[in-house]
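[1] When you get a sec, could you give me coordinates for this:
(2 chains)
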2 protein chains.
Amino acid sequence: MLPLPPGSRIGILGGGQLGRMLALAAAPLGFRCHIFGPDDQPPAGQVTDRITIADYLDEAALNAFAASVDVVTLEFENVPATCLEFLAQRVPVRPGARALATAQDRLLEKDFANSVGAATAPYAAVDNLRDLQGAMAKIGSRAVLKTRRLGYDGKGQIMLDRGADLDQAWQTLGGTPSILEGYIPFDGEISVIAARATNGTIGAYPPIANHHRNHILDRSEVPADLNSVQADRAVAIAADLATALDYVGVLAVEMFVVGDDLLVNEIAPRVHNSGHWSIEGAVTSQFEQHIRAICGLPLGAMALRGRIEMQNLIGDDVEQVPSLLAEPGAHLHLYGKTEVRPGRKMGHVTRILPEGVLPKPTAP
Amino acid sequence: MLPLPPGSRIGILGGGQLGRMLALAAAPLGFRCHIFGPDDQPPAGQVTDRITIADYLDEAALNAFAASVDVVTLEFENVPATCLEFLAQRVPVRPGARALATAQDRLLEKDFANSVGAATAPYAAVDNLRDLQGAMAKIGSRAVLKTRRLGYDGKGQIMLDRGADLDQAWQTLGGTPSILEGYIPFDGEISVIAARATNGTIGAYPPIANHHRNHILDRSEVPADLNSVQADRAVAIAADLATALDYVGVLAVEMFVVGDDLLVNEIAPRVHNSGHWSIEGAVTSQFEQHIRAICGLPLGAMALRGRIEMQNLIGDDVEQVPSLLAEPGAHLHLYGKTEVRPGRKMGHVTRILPEGVLPKPTAP
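    Here you go, the predicted model:
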């Protein structure tokens, strides 16, 4: 396909912080954005000149949206498939419906990872209580029951030990199609953020080490402390998944490190919280890279500017803002959210380490 | 003054590329913007959720603008003084009217520079033809007649050699209050971009070497090739000017290098084209630094990330965009302008040099 010329408009499904940072990255490339989503006062709407607040199934609104943009992408993977199909008949949607369908469903996602030779934790489909009983017997003493769809940040999942009340667990998740995954006592969690262009070119940042707090990403460090064989393997897994999906855009793959093994945990078909450090920490940020890819432009360089740490500001962590503003070299990013709620991602801060790498301020 | 809290709104007078890059820098700090100016389809309006298209003297529009923002700044120094006075009665305006008045008038500007001990080219006020004749006799064989107000990019000025037709020159500039400046065969042109916070703290980038083409900035390199005494002196001049003006925000001072001397040529009371490289090339960009200063926040670190070059894309230079997008490590910035005109600043590109400093891309 031909690259989109400057002045083209990018439609973004979802108006949260990821859409906001995508829009901020689109502007220097000369692109304009149009945010579409159901939520009032989307953070991304503060940095764009066009927003539509409508349901993902509102066909009239989708029609007008499609007519106003040159390409559609998303910052949120749980957009209904019918919305994507509707849009895809009118305008290029990147990444495409197949990548979305795969990433939206934990069972398809794991089947897919295995199909390209990437290992996962043991798992089994659970469509009823009998499935759950059988899976529990097979998978072992400790496992996690997860809904196939719509889970995130620890929602829609229950840890089960041998002897747990399976009937109650099944009721708690609402009897919805689920999978049981063997619990993995991992050594670490990493992610790889890869980008794939319309011509099939792939690039990736080095693997990122992630640390969670209450099931929510708390802190990322890059490069992760892996040996080079394992680091190369992690990047190759992400590249294989992107190629097999004929993916266009930025893709994040979360993996568990278990000894020498890497187990794919989750595929996010979008820019990812664990890549926010790339705004200052890499030559090309994940946000610019995603915009480049979906607009048919060549990928940018993905090299690091040092050793980097990203810390999320969750809930009342925003009270740290004054001290972060006073910290030399701390790069603050706030998401424009008015209401502070526990567990809500309010912003993040990126530091390029060690201190010795940071040049000294110039003062007269 | 208390720092403005996240969620505050910044009013920006002028909607060009400087306003656009200010708005892009304001968002990560949690601020929203409101662009005010007379021109249709302002580039800055593409990245903000509120714009007012109105004349700078439209009091009703200014009233509504002032009521909607927490602080006012500008990206364009030739805003009428009455506009600033009107706004300053309603909301803090930073930098203030005095800095603007000084920078808007070449005579006041040079008088002011001399008053703080900074040298300039020889100059004389020219209010009529007789003044011009007297000034030409005093200043020497080659001089430049410039209107006191509203000149930029080589507009509003005429080079005069001994024996030139002074009557015609005076008519050409419209008989408007002017100054005659001695022509300086300089060794180089530099600028210093300094920032001053509400508490008086000052920071500056190292001096920047500037190269013009057809009187328009073409290329900037930082740090400029000066000895450390001269570099320190250049920064000290900018700091002295900022302090004497009780300035708040980012200020650019253009100087001629003539042997060991530095002559102040122009003071720009705003972010400046010669500082665009700071978006990638410094820990804190001039745009973020200006936002920090006018919002009462502490200044960020101003250290460089390497040796840096910025190239303007003027007029049909934008035809280079495809090759710039394919160049690893070239940071492209387009300004969202639809119409390409000769001499029009369409964008810029920043490179961090030498190649050896750029980390290698990671590819699987």
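
[2] Could you report the neighbour count for the residue in the stretch 1-150 of chain A that chain B sits nearest to?
    Chain B sits closest to A:Gly30 of the stretch 1-150 of chain A, with a gap of 3.3 Å, by CB to the nearest CB. For the C-beta atoms, the positions are set from N, CA and C on the backbone; glycine is no exception. Neighbourhood size, A:Gly30 [other CB atoms under 10 Å in any protein chain shown]: 25.

[3] Could you do A:Ser278 as well?
    What A:Ser278 shows, counting by other CB under 10 Å, is a neighbour count of 28.

[4] Just confirm the residue of the stretch 1-150 of chain A closest to chain B contacts A:Leu4, I think it does.
    No. Under the criterion of CB atoms under 8 Å, A:Gly30 is not in contact with A:Leu4, lying 9.4 Å apart.

[5] Now do the contacts for the residue of the stretch 1-150 of chain A closest to chain B.
    A:6-7, B:321, B:334-336, B:347 (CB atoms under 8 Å, 6 or more residues apart in numbering or on different chains).

[6] Just the buried residues of those residues.
    A:6, B:321, B:334-336, B:347 (16 or more other CB atoms under 10 Å in any protein chain shown).

[7] Which members of those are the farthest-apart pair?
    Comparing every pair within the buried ones among the contacts of A:Gly30 by CB to CB identifies B:Val321 and B:Gly336 as the most remote, at 13.0 Å.

[8] which residues are in contact with both of these two?
    A:6, A:30.

[9] Buried residues in stretch A:192-212, which are they?
    A:192-198, A:202-210.

[10] Could you tell me which of those residues belong to strands?
    A:192-196, A:202-204, A:208-210 (DSSP state E).

[11] Figure out the helix or strand that the closest residue to A:Gly134 other than its chain neighbours lives in.
    Once flanking residues are discounted, A:Gly134 sits nearest to A:Ala124: 7.4 Å by CB to CB, 6 or more residues apart in numbering or on different chains. Assigned by DSSP states H and E, A:Ala124 belongs to strand A:123-126.

[12] and if you look at A:Leu24?
    Going by DSSP H and E, A:Leu24 is in helix A:17-26.

[13] That helix near chain B anywhere?
    Yes. Contact of helix A:17-26 with chain B (CB under 8 Å from any CB of the partner chain) involves A:20, A:23-24.

[14] Take these and lay them out in JSON lines including distance to A:Ser141, pLDDT and neighbour count.
    As requested, the residues of helix A:17-26 next to chain B are exported to JSON lines (distance: CB to CB, whole Å; pLDDT from 0 to 100; neighbours: other CB atoms under 10 Å in any protein chain shown):
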{"residue": "A:Arg20", "distance to A:Ser141": "44", "pLDDT": "98", "neighbour count": "30"}
{"residue": "A:Ala23", "distance to A:Ser141": "47", "pLDDT": "98", "neighbour count": "31"}
{"residue": "A:Leu24", "distance to A:Ser141": "47", "pLDDT": "98", "neighbour count": "25"}
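
[15] ok, which stretches of chain A are helices?
    A:17-26, A:59-68, A:81-88, A:97-104, A:106-115, A:129-139, A:166-172, A:228-244, A:278-281, A:286-294, A:321-325 (DSSP state H).

[16] who's in contact with the last one?
    By that I understand helix A:321-325. By CB under 8 Å, 6+ apart, helix A:321-325 touches A:313, A:330, A:332, A:334, A:347, A:349, B:3, B:6, B:29-30, B:292, B:297-298.

[17] Without its sequence neighbours, what residue ends up closest to the most centrally placed residue in chain A?
    Nearest to the geometric centre of chain A sits A:His272, at 3.1 Å (CA atoms, centre = their mean). Using CB to CB, 6+ apart and skipping residues adjacent in sequence, the residue nearest A:His272 is A:Ala252, 3.4 Å away.
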